[in-house]
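Output the structure for:
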Amino acid sequence: MKHSSGVDSSHHAPRNTRGEARRQRLLCAARDVFLEKGYNGASINEIVARAGGSLSTLYKQFGSKEGLFVAALEAHAANVWTRLEEGRNRPPQDVLFELAQGLIDLIFAQSHLRLIRSIAAEAERTPELGRLFLERGPDRTRRELADYLQSQHERGTIHVEDPRASASMFTGMVLGEWMIGALVGRVPTIDTEERNHRARICTDMFLTGLRGMAERN
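Model (predicted):
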């Protein structure tokens, strides 16, 4: 399932203000339609109707439905990655706590869970779609977190022997049993207090574990 035009949605030439505005309208409309109806149920025509513009503009910008999906997915998760990029000079306990909050808010939104379920159902027939989702969503989140942990290790604020494994452990701890239950229909009811409690416990346990490993070595 290659992008029909060969467009790489992760790289675009500089755009003028009007072109960027059209792009953002398409991304916002695509995000809403994909979240509301899942990948299979999402219609390119409906996305264009909501955003305004034309099919030719959409294909020029994103190449295909798959290209638009990837770009919308990245835009939807961008605020989580931004927390890490903007947190380079802040205490890790604050940055990781806010990252955990963001992950919980992002992943356990009903609309996002519907999208994940639709991708899982489609992935058996179209494995490329599952690969795109993982590479541009969860895998990228772990890579961004691993890069952040590596940078903090180099600064001496924390000691991390294996940033990639540690990033996977942190995100797994945050999402944990909630994620498994949610995917099969047992969606957790998470209020702000419970979200913050989970985020704080996971952050404290994670950093305590890193300190313990450093002391043993």
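
ok, residue 217 - contacts?
Residue 217 sits next to 159, 161 when contact means CB atoms under 8 Å, 6 or more residues apart in numbering. Yep, even glycine has a C-beta here, placed from its N, CA and C like the rest.

Now do it against residue 208, distance only.
15 Å (CB to CB, to the nearest Å).

One more: residue 157?
As judged by CB to CB, residue 157 and residue 208 stand 15 Å apart.

same deal with residue 105?
For residue 105, the distance to residue 208 - CB to CB - is 24 Å.

tell me which residues of stretch 131-139 are tucked away?
Neighbour counts over stretch 131-139 (16 or more other CB atoms under 10 Å) mark 132-133, 136-138 as buried.

likewise stretch 82-96?
83-84, 87, 92, 95-96.

Just the ones of those residues in helices?
Among those, the members found in helices (DSSP state H) are 83-84, 92, 95-96.

where's the dip in pLDDT among the residues you listed?
Minimum pLDDT across these is recorded for residue 83, with 87.

Could you report the neighbour count for residue 203?
23 (other CB atoms under 10 Å).

That one: which element?
helix 192-216 (DSSP states H and E).

Outside of that helix itself, which residues are in contact with it?
92-93, 96-98, 100-101, 104-105, 158-161, 166, 169-170, 173-174, 190.

of those, buried ones?
Of the contacts of helix 192-216, these count as buried by 16+ other CB under 10 Å: 92, 96-98, 100-101, 104-105, 158, 160, 166, 169-170, 173-174.

Which two among these are spaced furthest apart?
By the measure CB to CB, 105 and 160 form the most distant pair in the buried ones among the contacts of helix 192-216, at 25.3 Å.

And the helix or strand of the chain with the lowest mean pLDDT, what's buried?
One helix or strand of the chain scores below all others by mean pLDDT, DSSP states H and E: helix 110-123, with a mean of 84. When burial is assessed from 16+ other CB under 10 Å, helix 110-123 yields the following buried residues: 112-116, 118-119, 122-123.
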